[in-house]
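Q: Predicted model and sequence follow; I will ask about them next.
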Amino acid sequence: VYLARVPAGQLLNPGAWTFASGDPLAPTWSADPAQAVPLEWFNVPALLPGLGDGHGPSAQPWVTPYGSGYLATCKLADAFSDEVSVFTAPTPAGPWTYYGPVAGTAAPGLSSYGAFTMSPATDPIVVYSTNRSPFSRAPFSLSIQTYGPHFVAPLPNSLPAVP
């Protein structure tokens, strides 16, 4: 995972993007993507072979301000894992430390993906999407229960104290 930024309104302008490099606590920003350095992830549990090696999530983390720091939410192996997990860091560039699971997403015949946390410091809600599992042989009916977003409260005491 790498960190990039772009000014508002310039998303489609490739020349406007800059990429974090150097010290995660005080990153420097470069227009050259070859200068970008991977984010640092600590204490990440190893998953099944090929689905995460303990060096960071295999799924896209969603980052949001959290007190005086930041909170990243993701499924460690996206559709191949059933837990939504969180990480904390002092800056968006990290270093990121695994905190633990905040929600479970297991549902028979469904795959879940794309998790994030909304308003984590005030009234947190974990959001994730589901779709029919490609491994399911069950009859398929398209409904909000099988395809679409789900909104759940975090597990009790699962979020870190707000710094």
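A: Structure's in. What do you need?
Q: Could you check how far the residue sitting nearest the centre point of the chain is from Leu12?
A: The centre of the chain sits closest to Pro61, judged by C-alpha atoms, centre = their mean, with a distance of 2.1 Å. Separation of Pro61 from Leu12 (C-beta to C-beta, to the nearest Å) stands at 23 Å. Where you see a C-beta, it was placed from the backbone N, CA and C, and this is true even at glycine.
Q: on that earlier part again, just checking, the residue nearest to the centre of the chain touches Val1?
A: Yes. Using C-beta atoms under 8 Å, Pro61 makes contact with Val1 at a distance of 6.5 Å.
Q: who are the neighbours in contact with Pro61?
A: Val1, Ala72, Thr73, Cys74, Phe87, Trp96 (C-beta atoms under 8 Å, 6 or more residues apart in numbering).
Q: again, 7 Å this time
A: Pro61 sits next to Val1, Ala72, Thr73, Cys74, Phe87 when contact means C-beta atoms under 7 Å, 6 or more residues apart in numbering.
Q: Look up how far Val84 lies from it.
A: For Pro61, the distance to Val84 - C-beta to C-beta - is 11 Å.
Q: Quick check: neighbours shared by the two?
A: With C-beta under 7 Å, 6+ apart, Pro61 and Val84 have common neighbours Thr73.
Q: which regions of the protein sit below the pLDDT cut-off?
A: 48-54, 134-145 (pLDDT under 70).
Q: how about the strands in it?
A: Secondary structure of the chain by DSSP state E: the strands cover 4-5, 18-21, 28-30, 41-42, 62-66, 69-75, 83-89, 96-104, 110-118, 125-132, 148-152.
Q: I appreciate the help and will end here.
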